[in-house]
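[1] Predicted model and sequence below, questions to follow.
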Amino acid sequence: MRKEKMLVEAIRDGSVLDHIPSDRLFEIVSLLRLEELTTPITIGNNLQSTRHERKGIIKVADHFFSPEEIDKITLLAPEVHLNIIRDYKVVEKRQVSLPVEVRGLVRCPNPKCITAAEPMQTYFHVTRDTEGRGILECHYCGRKTKAEEAELL
Ligand SMILES: [Zn+2]
């Protein structure tokens, strides 16, 4: 635990995503297009965690994720913690939370939905099931999808 904290603090400025479920790590790496960044990136997986059996962590120096990227991360892994590091200090530490609506990030799984036929943005209302997991409800056809199973655009 202490070692991990030291690694986090080794970034002068940047972003740390922590508590990523291990089975979601590489999906998140890919959706954030980390391969296109040229700043130092550290990716760890299958680390011990008290919250999950195993967790992943992503540290990116000199880069800050956009609100849209954070919304996408949230859909895949609603328990992720995002730390913003400036001058070696964690200046912002927050657990991301599901947005109340999602526009254009996710495909509607209903092949008969108007968003599948027309060149228009998808639009979902976000609610939670009894276990607190996110549910996306298509604004146009009403089809519900679990946020963690959503197909990102
Ligand atoms: Zn739909």
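    The structure has been received and is ready for your questions.

[2] CA only for contacts and neighbour counts going forward, please
    Fine.

[3] What mean pLDDT does stretch 92-111 get?
    Per-residue pLDDT over stretch 92-111 has a mean of 88.

[4] Start and end of that stretch, how far apart?
    Stretch 92-111 has an end-to-end distance of 41 Å (Cα to Cα, to the nearest Å).

[5] if we look at that stretch, which residues are touching it?
    Contact with stretch 92-111 is made by 70-72, 74-75, 78-85, 115-116, 121-127, 134, 138, 141, 143, 145, 150-153, as judged by Cα atoms under 8 Å, 6 or more residues apart in numbering.

[6] Show me which positions of the longest helix anywhere in the chain end up buried.
    In the chain, taking DSSP state H as the definition, the longest helix is helix 67-76. Within helix 67-76, the residues that count as buried by 16 or more other Cα atoms under 10 Å are 70-76.

[7] Same question for stretch 40-60.
    If you call a residue buried by 16+ other Cα under 10 Å, then stretch 40-60 has these buried ones: 41, 45, 47, 54-60.
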